[in-house]
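Engineer: starting from these lines, generate the structure:
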Amino acid sequence: MTQPLYSRMYLTAYDTSAHDLYDRTRTGFLLRAAVLAELAIRGNLAESGGDVTVATPGPTGDPVLDLTLGRVAGDRRGWKSWIKHDRKETLLAVEDRLAAQGVLAVEDKKSFGRTRRAVTVRDASAVTSLQATAAGLLHGAEPAARIAPADAALVALAVAGGIRSVVSRAEAHARKHRVEELTARLDAVAPGLGKAIGGLGMTMVAAQGGMGGA
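Structural biologist: So this is what the prediction gives:
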């Protein structure tokens, strides 16, 4: 899986039946975490004294990654705070990037004085393939230590976001130990990152006023 983690996360969170994201608000959180994880895996971000810091400055050559890298360079926050910060901006940036690459068709539609963004993935098979791959990693027997951190992050985020095409609630409970092993791969990359992603489900519920959905 060679696409950027945020691209794979977006497609994994897409519902091919509804021709839309499963949950736009949750996807914003997942993409934000995916961008931060990818920057950490690349060695651009690290942690110092509980704050996320820039270890290797940009540019990375990727406008979505560079946007977040620039934000982190100008502020001091922990992983959890950064995941909650600028998530709507990140969602739009990812969609614009995918649209520019021809992966996604984006149309802003006005209805009753409000603008709604309609998104359509051009290749639905790419979505189902990614979802199947993530589910396979979750249910597979390959030792977590041998799974690439970015792939482990994709699965952990899919579970945290409750993406139904990857995992049901019952499966998430049954595979809890496996999820914890995969999430721990991120702590090996940057201390605190795995913990922030592991607690993302509760973070999303709290940010949405105690509601489980958007």
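Engineer: please save the CA atoms from stretch 85-101 in CSV.
Structural biologist: Provided in CSV are the C-alpha atoms of stretch 85-101 (Å, rounded to 0.1, in the frame of the first residue of the first chain):
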residue,chain,number,x,y,z
HIS,A,85,-7.2,20.9,15.8
ASP,A,86,-7.8,22.0,12.2
ARG,A,87,-9.5,18.7,11.4
LYS,A,88,-12.1,20.4,9.1
GLU,A,89,-9.3,22.2,7.2
THR,A,90,-7.5,18.9,6.8
LEU,A,91,-10.6,17.1,5.5
LEU,A,92,-11.0,19.8,2.8
ALA,A,93,-7.3,19.8,1.9
VAL,A,94,-7.4,16.0,1.5
GLU,A,95,-10.5,16.1,-0.7
ASP,A,96,-8.9,18.9,-2.8
ARG,A,97,-5.7,16.9,-3.2
LEU,A,98,-7.6,13.7,-4.2
ALA,A,99,-9.7,15.7,-6.6
ALA,A,100,-6.6,17.2,-8.2
GLN,A,101,-5.2,13.7,-8.6
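Engineer: could you list the residues in contact with that stretch?
Structural biologist: Stretch 85-101 has contacts (C-beta atoms under 8 Å, 6 or more residues apart in numbering) with 6-7, 10, 24, 27-29, 31-32, 35, 63-64, 67-68, 71, 77, 104-106, 117, 119. Just so you know, the C-beta spots here come from the backbone N, C-alpha and C atoms, and that holds for glycine as well.
Engineer: what residues sit buried inside it?
Structural biologist: The neighbour-count check on stretch 85-101 (16 or more other C-beta atoms under 10 Å) flags 86-87, 90-91, 93-95, 97-99 as buried.
Engineer: ditto for stretch 142-152
Structural biologist: Using 16+ other C-beta under 10 Å as the test for burial, stretch 142-152 gives 144, 147, 149-152.
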